[in-house]
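Chemist: Build the 3D model from these lines:
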Amino acid sequence: MTALPSWAERPSPAGRTAKGLILTLIVVSVLFPIYMVVLTSLSPQEAVTKAGGLVTVPDGLSFGAYRELFAGGVVTRSVLVSLGVTAVGTTISLTVTVLAAYGLSRPGSVLHRTLLFAVLLTFLFVPGLIPSYLVVSSLGLLDSYWALILPSAVWAFNLVVMRAFFMNIPKEVTDSARIDGASEFRILWRIVLPMSKGVTAVIGLFYAVGYWNAFFNAVLYLNDNAKWPLQLVLRQYVLQGQSLITGQASVSSIPGQALPPSLAIQMSIVVVALVPVLFIYPFVQKHFTKGVIIGAVKG
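Modeler: Below is the predicted model of the structure:
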């Protein structure tokens, strides 16, 4: 009987115990900061003062920070902006990436090698801030929502991964459809995409998280505060300490209620920024291995 390599052998009880402890420590190290952030956002002034910072032990709960946060209107507007940019941007990026990846996965397509070389070249040479700003300015996109979408509409890494996955689809499947008279767009829509749900979901998640977390394009291209996405509001308030409610730095915007602790308001913004990603990720997580590993390794 051929001996298995060491990495394929069943681990010993001590090895399984050690792996369990290591995984437990990793999970705790990830979840504990989130727990502190959520608990602090729900804590009253007395609990925050007693803890001297982030709260680790519950000592009363209060939703005052969230009421104060959304009463001012700044965060509500920024959430809507981020949701709109993420939805439109992800749709555009995923559509362009799928079309480009499918075209580049066909060896006989027009300018196949030239376009593929141009895509791969972006891994080595990244345009600087000044050229990017000049391009956006010359296109008339300054102070526009499109400035948050178009400059980062296609990521070369995502395109290469999806192209590799498309190339892994059996050629006989597409050839038989082509013989039956199906056009390239019909083959892509009816055959290729249904077979690529995993990689499409993963690439879509990458784009959505990228748009949701992006703030640097807003810093560069937006002058109107009303168009700020949530991440820029988070940066301005949490990191730079700017007030979210103009002219109400010490008085609550909700009559008859004391102003919640500033740290609780800061953490509530962090929670609002985290919720969409934490909600979407579990539904897409199952596709990660199937969608990315297969496309990247076998391609």
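Chemist: Can you show me the helices along the stretch 101-250 of the chain?
Modeler: Assigned by DSSP state H, counting those that start in this stretch, the stretch 101-250 of the chain shows helices spanning 112-121, 129-138, 156-167, 171-179, 184-187, 197-213, 216-221, 230-234.
Chemist: Residue 69 contacts residue 270, doesn't it?
Modeler: No: counting by CB atoms under 8 Å, residue 69 sits too far from residue 270 to count as a contact (10.9 Å). All C-beta spots, glycine's among them, are computed from the backbone N, C-alpha and C.
Chemist: Who has more neighbours out of the two?
Modeler: residue 69 (25 against 16; other CB atoms under 10 Å).
Chemist: same for the helix or strand where the more buried one lies, what does it pack against?
Modeler: Using DSSP states H and E, residue 69 falls within helix 64-71. Other helices and strands packing on helix 64-71, by 3 or more CB pairs under 8 Å, 6 or more residues apart in numbering; DSSP states H and E, are helix 262-284.
Chemist: Next, count neighbours for the closest residue in space to residue 284 that isn't next to it in sequence.
Modeler: Among residues not flanking residue 284 along the chain, residue 205 sits closest, at 4.6 Å (CB to CB, 6 or more residues apart in numbering). Neighbourhood size, residue 205 [other CB under 10 Å]: 20.
Chemist: now residue 205: how far from residue 195?
Modeler: Plainly put, residue 205 is 19 Å away from residue 195 if you go by CB to CB, to the nearest Å.
Chemist: returning to what we had before: among the helices of the stretch 101-250 of the chain, which is nearest residue 58?
Modeler: Closest approach to residue 58 among the helices of the stretch 101-250 of the chain (CB to CB): helix 230-234, 24.6 Å.
Chemist: Let me know the angle separating the helix or strand hosting residue 24 from helix 262-284.
Modeler: Taking DSSP H and E as the criterion, residue 24 maps to helix 13-41. Calculated by axes from the mean of the first three to the mean of the last three CA atoms, to 10 degrees, helix 13-41 forms an angle of 130 degrees with helix 262-284.
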